[in-house]
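J.: below are the sequence and a predicted model for it; my questions follow.
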There are 2 protein chains.
Amino acid sequence: MLYIIGLGLGDETDITLKGLEAVRKCQKVYMEAYTSLLSFGLSTDGLSNLEKLYGKSITLADREMVEEKADDILSDSRDADVAFLIVGDPFGATTHTDLVVRAKKMGIEVKIVHNASVMNAIGICGLQLYRYGETVSIPFFTETWRPDSFYEKIEKNKEMGLHTLCLLDIRVKEPSLEALCRGKKIYEPSRYMTINTGIEQLLEIGQAREEPAYTEDTECVGFARLGSEDQMIVAGTMRQLQNIDFGAPLHCLVIVGKTHPLEEEMLDFYRCRT
Amino acid sequence: MLYIIGLGLGDETDITLKGLEAVRKCQKVYMEAYTSLLSFGLSTDGLSNLEKLYGKSITLADREMVEEKADDILSDSRDADVAFLIVGDPFGATTHTDLVVRAKKMGIEVKIVHNASVMNAIGICGLQLYRYGETVSIPFFTETWRPDSFYEKIEKNKEMGLHTLCLLDIRVKEPSLEALCRGKKIYEPSRYMTINTGIEQLLEIGQAREEPAYTEDTECVGFARLGSEDQMIVAGTMRQLQNIDFGAPLHCLVIVGKTHPLEEEMLDFYRCRT
């Protein structure tokens, strides 16, 4: 049996009782270090807390392992109970869908344990979840690669008065260009896009349009470390948020659409006073 | 302190360790019976399981109590630790935003404990969460009231190739018309819209249009009791799903937009074979 267990967003105590019970009976425990390394995984301490709580040692499964060694993980799951731990909810990222598809094709039973993810936890700012349009991803711009496919999606959402969740780029264990050329395993340092960089890139793309869907005066909500004890949530214009230091990752950003009075009342508690 | 604690979707073991720790130290525990009465609350057994696990007695807070007695709940929270338990995640429904706004205005500290909700748990069918457009609600039609504002939203989502989550109506403790006239507290029996009724209403509205955004042949995914041990997830055309008995509530429905190959591969495991 392969258990895919969501860990939630904050710390080791965000696992559900159902998830904890499952992980404790597994013979092998993997934890994804692919889409997000949060408070759980950034420090050795974080991981030890998890291992202490579970009474199990955990194998960090990074990008390479999930892609190259998926077969090993899966064949282990044939004869034993294997847990694959994921920050947030199991289906936040495509990679895990792929793992489930491969498991099911091999006839391995898969059990999902859900948890909170960014996709629903952003509800805390007061903007109603059913008033969000398509979610967009903002990738790190490079000198030569400045994709702007997110712009049209934000524009469409705006036209319909909907809020837009912008997921900000995460680069973990990316092979360096040099390494790619020489076939060596050398990695770029991890990078997590800040709200400031996200807004900078959004504005660069917006300012190139005649009637931009958003400007420096557009209302947004910035979230840092959502779901953690030290989470930071601030509502304000792009200009205001750009001047705020949101601290450690992960960050994400919501572009506010048309609001109802109750949404406004709730946003007020998070509003930037500068 | 007012703790607003998400219980997740399945049973009493879907609470997080963080949530359980919070509820155990509270002097008073309320549980919302407003937007959804699930496996947790439908039977006396369900509630007893919760009470046993928490070591606390729970006061069911129905629509009347949340709206009429919110002040009592809130003033309790001034001097003591009060837990307000919510099926799914705390911000699935507007009512809870309202409670938080009132608490914050009274200067009461509020702490949120997140959990899975329908909004992210639908990811289990393989359709990527960031490819959903605006969520719609399908209300029970009556002889004289057949609102169709959901239609345009589905149409817009379809145009953009996005999936649409359709939340199906729940009527719990609705005062009867007779009761309203006489000022008495008599309630209609609870009603939960099935996937079958949802599709029937969707098709009625669609068939009245010249180029409908969906027809009987449109691919959908039906979810019943999502997150529970006996959940049922079936992918198929509206016509196919209409002939399936999905059993006990709660139901919801996804209208499938444009899919990627990996989404298709995952949907295949749920596909209706008739």
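T.: Looks like it arrived, so ask away.

J.: spatially nearest residue to A:Lys184, not counting backbone neighbours?
T.: A:Glu178 (7.8 Å; C-beta to C-beta, 6 or more residues apart in numbering or on different chains). (C-beta placed from N, C-alpha, C; glycine too.)

J.: just the element for that neighbour, please.
T.: helix A:177-182 (DSSP states H and E).

J.: can you name the next helix or strand after that helix?
T.: strand A:191-192.

J.: for the next helix or strand after that following strand, buried residues please.
T.: Downstream of strand A:191-192, the first helix or strand assigned by DSSP H and E is helix A:195-207. For helix A:195-207, burial by neighbour count (16 or more other C-beta atoms under 10 Å in any protein chain shown) applies to A:195-199, A:201-203, A:205-206.

J.: ok, now stretch A:159-173?
T.: Buried-residue list, stretch A:159-173, by 16+ other C-beta under 10 Å: A:160, A:162-168, A:170, A:172.

J.: of these, closest to A:Phe84?
T.: A:Val172 (17.1 Å; C-beta to C-beta).

J.: that closest one and chain B, how far apart?
T.: Shown here: A:Val172 relative to chain B, a distance of 19 Å by C-beta to the nearest C-beta, to the nearest Å.

J.: repeat that for A:Thr95.
T.: Taken as C-beta to the nearest C-beta, the span from A:Thr95 to chain B is 10 Å.

J.: what is the burial count for A:Glu263?
T.: 21 (other C-beta atoms under 10 Å in any protein chain shown).

J.: over to A:Ala208?
T.: 10.

J.: and if you look at the one 10 residues further on?
T.: Other residues within reach of A:Thr218 by the criterion other C-beta under 10 Å amount to 19.

J.: which positions in stretch A:211-218 come out as buried?
T.: A:212-214, A:218.

J.: make TSV from those residues and add pLDDT and secondary structure to it.
T.: Shown next, in TSV, are the buried residues of stretch A:211-218 (pLDDT from 0 to 100; DSSP: H, G, I helix; E, B strand; the rest coil):
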residue	pLDDT	secondary structure
A:Pro212	96	coil
A:Ala213	97	coil
A:Tyr214	98	coil
A:Thr218	98	coil
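
J.: skipping its backbone neighbours, what lies nearest A:Cys272 in space?
T.: Per C-beta to C-beta, 6+ apart, closest to A:Cys272 is A:Gly236, 3.3 Å.

J.: let me know the secondary structure of the one you found.
T.: strand (DSSP: H, G, I helix; E, B strand; the rest coil).

J.: for it, name its beta-bridge partners.
T.: A:Cys220 (DSSP bridges).

J.: tell me the pLDDT at it?
T.: A:Gly236 carries a pLDDT value of 98.

J.: A strand includes A:Leu85, no?
T.: Yes: counting by three-state DSSP, A:Leu85 is located in a strand.

J.: might one say that it is in contact with A:Glu12?
T.: No: using C-beta atoms under 8 Å, A:Leu85 makes no contact with A:Glu12, being 10.5 Å away.

J.: A:Ser71 falls within a strand, correct?
T.: One thing to correct before we go on: residue A:71 is Asp, not Ser. No: applying three-state DSSP, one finds A:Asp71 to be helix, outside a strand.

J.: ok, it to chain B distance?
T.: 17 Å.

J.: got a list of what that residue touches?
T.: Contact analysis of A:Asp71 by C-beta atoms under 8 Å, 6 or more residues apart in numbering or on different chains lists nothing.

J.: and the gap between A:Gln201 and A:Arg209?
T.: 14 Å (C-beta to C-beta, to the nearest Å).

J.: could you do A:Ile58 as well?
T.: For A:Ile58, the distance to A:Arg209 - C-beta to C-beta - is 47 Å.

J.: quick one, which of the two is more surrounded?
T.: The neighbour count for A:Ile58 versus A:Arg209, taken as other C-beta under 10 Å, is higher for A:Ile58 (19 against 12).

J.: A:Ile154 reaches A:Ser137, doesn't it?
T.: No: using C-beta under 8 Å, A:Ile154 is not in contact with A:Ser137; the gap is 11.5 Å.

J.: mutual contacts of these two, please.
T.: Listed as contacting both A:Ile154 and A:Ser137 by C-beta under 8 Å, 6+ apart are A:Cys166.

J.: comparing these two, which residue is more hemmed in?
T.: The neighbour count for A:Ile154 versus A:Ser137, taken as other C-beta under 10 Å, is higher for A:Ile154 (25 against 16).

J.: any weak-confidence spans in the stretch 101-250 of chain A?
T.: A:173-175, A:177, A:179-180, A:185 (pLDDT under 70).

J.: quick one, strands of the stretch 101-250 of chain A?
T.: A:110-113, A:136-138, A:164-168, A:170-171, A:191-192, A:219-224, A:232-237 (DSSP state E, counting those that start in this stretch).

J.: and the last one with strand A:219-224, angle?
T.: Computed by axes from the mean of the first three to the mean of the last three C-alpha atoms, to 10 degrees, the angle separating strand A:232-237 from strand A:219-224 equals 160 degrees.

J.: distance of A:Leu241 from chain B?
T.: In terms of C-beta to the nearest C-beta, A:Leu241 sits 21 Å off from chain B.

J.: need the distance between the two termini of stretch A:85-92.
T.: 13 Å (C-alpha to C-alpha, to the nearest Å).

J.: quick check: residues of the stretch 101-250 of chain A near chain B?
T.: A:101, A:104, A:112, A:114-117, A:119-121, A:123-124, A:126, A:128-137, A:153, A:156, A:160, A:162, A:167, A:227 (C-beta under 8 Å from any C-beta of the partner chain).

J.: these in helices, which ones?
T.: Of the positions in these, A:101, A:104, A:119-121, A:153, A:156 sit in helices, assigned by DSSP state H.

J.: turn the residues you listed into JSON lines, including distance to A:Leu2 and neighbour count.
T.: Converted to JSON lines, these look like this (distance: C-beta to C-beta, whole Å; neighbours: other C-beta atoms under 10 Å in any protein chain shown):
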{"residue": "A:Val101", "distance to A:Leu2": "12", "neighbour count": "19"}
{"residue": "A:Lys104", "distance to A:Leu2": "9", "neighbour count": "16"}
{"residue": "A:Met119", "distance to A:Leu2": "23", "neighbour count": "24"}
{"residue": "A:Asn120", "distance to A:Leu2": "24", "neighbour count": "28"}
{"residue": "A:Ala121", "distance to A:Leu2": "26", "neighbour count": "30"}
{"residue": "A:Lys153", "distance to A:Leu2": "34", "neighbour count": "20"}
{"residue": "A:Lys156", "distance to A:Leu2": "38", "neighbour count": "19"}
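
J.: and those residues, which two are the farthest apart?
T.: Once C-beta to C-beta is applied, these give A:Lys104 and A:Lys156 as the farthest pair, at 34.0 Å.

J.: got the buried residues for stretch A:53-71?
T.: A:53-54, A:56, A:58, A:61-63, A:65-66, A:70.

J.: and that stretch, how far from the chain's centre?
T.: 18 Å (C-alpha atoms, centre = their mean, to the nearest Å).

J.: okay, now it: how far is its last residue from its first?
T.: 28 Å.

J.: likewise for stretch A:125-143?
T.: 35 Å.

J.: now do the end-to-end distance for stretch A:249-258.
T.: OK, stretch A:249-258 end separation, C-alpha to C-alpha: 28 Å.
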